[in-house]
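Novice: Here is a sequence with its predicted model. Questions after.
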Amino acid sequence: MNNSIGCILRKWRKQRRYSQLQLSLELGISSKHVSFIETGRSTPSREMILKIGEFLILPKREINRGLYLAGYAPVYTELSIEHEDLKPVFGAIDQMIENHMPYPAIVLNQNWDVVNANDSAKKLLFDLGYSGHKNLVEALISDSPKTSKIINWHESASVVLARLRHEISMLSGSSRLEELEESLAACLSPNNEIINVDENQVILSTKFKVDACVLSFFSVISQLSTIQDVTVSELKVELLFPSDERTKEFYGGNR
């Protein structure tokens, strides 16, 4: 019963902090009907599952899972990355990260595995000693703060930890993200989690020591949530921009 459509809808409703009455008013149905769906006494229609998913801003993967558990076909595709229909999307991603040169750009999947990177990002990952890791969070965890080339390792790790927790709350059910969050949190003392990020900064930057230079970057993150394919919609494109003139000059000044 824990893997029924009713149970996962109840879990999502509670996670989004809606009562049965509030959800019923938003959906235009009775709170009794919501209760019947959650307890398994009533099976929601395909349209109702899609309506609930849209209102609660559920990930496409979770909407597909709900449809499957209720006996319906999934509405979103989950194609292989080599599929012909996805070539325009991956072509656009390649163009985005290449156009960002000479600055680093990286593509991550939902679990923070590195899917793609431009040459500048590959060099930066190599200089950091991260190029042997498939997963960016695992690379950060394996890095010793005392010897790391990330000067503000604790601050950067705290920011990544906050991002992981936000993504877990939005996605739910991702055991891999929860595993990474737990491992990264263990690397930080409670005090570091609270006080190590200077909230007075206008820009939260990650500072790297590379070739005897200190490079400082902030990130702009794009997500392909409008793509109707499950896997591609979960990708994140992270573009790193110089936070100061010294970093800009390291990469050849203004683009």
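Specialist: Good, I have the coordinates.

Novice: rest of the way, CA atoms for contacts and neighbours
Specialist: Noted.

Novice: Look up phi and psi at residue 77.
Specialist: Here is the backbone geometry of residue 77 (degrees, to the nearest 10): phi -80, psi 160.

Novice: sorry, that was for residue 226
Specialist: Note on residue 226: its backbone torsions stand at phi -80, psi -10 [degrees, to the nearest 10].

Novice: got it, and residue 61?
Specialist: According to degrees, to the nearest 10, residue 61 has phi -60, psi -40.

Novice: Domains of the chain: list them as residue ranges, please.
Specialist: The chain resolves into domains spanning 5-69, 84-250 when parsed by automatic domain parsing.

Novice: Can you show me the helices along the stretch 151-255 of the chain?
Specialist: Using DSSP state H, counting those that start in this stretch, the helices of the stretch 151-255 of the chain run over 153-171, 175-187, 190-195, 230-233, 245-250.

Novice: between these, which gets the lowest average pLDDT?
Specialist: In terms of average pLDDT, helix 190-195 trails the rest of these, at a mean of 50.

Novice: Walking through the protein, point out its strands one by one.
Specialist: 105-108, 114-117, 206-210, 213-223, 236-242 (DSSP state E).

Novice: Can you give the distance from the longest one to the centre of its chain?
Specialist: In other words, strand 213-223. Relative to the centre of its chain, strand 213-223 is centred 16 Å away, using CA atoms, centre = their mean, to the nearest Å.

Novice: just checking, what packs against it?
Specialist: When contacts are defined as 3 or more CA pairs under 8 Å, 6 or more residues apart in numbering; DSSP states H and E, strand 213-223 sits against strand 206-210, strand 236-242, helix 245-250.

Novice: on that earlier part again, how about the domains of the chain, which one is nearest residue 78?
Specialist: The closest of those to residue 78 is domain 84-250. By CA to CA, the value is 5.1 Å.

Novice: gap between the two ends of the closest one?
Specialist: End-to-end span of domain 84-250 (CA to CA, to the nearest Å): 39 Å.

Novice: How far away from the center of its chain is that domain?
Specialist: Mean-position distance between domain 84-250 and its chain equals 10 Å (CA atoms, centre = their mean).

Novice: just use 26 as the starting number from now, easier for me
Specialist: Yep, numbering from 26; the last one is domain 109-275 now.

Novice: coming back round to it: among the strands of the chain, show me which one is buried the most.
Specialist: Highest mean neighbour count of the strands of the chain: strand 130-133, a mean of 22 (counted as mean count of other CA atoms under 10 Å).

Novice: Quick check: which ranges of the stretch 76-225 of the chain have low pLDDT?
Specialist: Residue ranges of the stretch 76-225 of the chain with pLDDT under 70: 197-198, 214-225.

Novice: Might you report the residue contacts of the closest residue to residue 247 other than its chain neighbours?
Specialist: Using CA to CA, 6 or more residues apart in numbering and skipping residues adjacent in sequence, the residue nearest residue 247 is residue 262, 5.1 Å away. The neighbours of residue 262, taking CA atoms under 8 Å, 6 or more residues apart in numbering as the test, are 118, 122, 130, 131, 132, 133, 246, 247, 248.

Novice: Sounds good, over and out.
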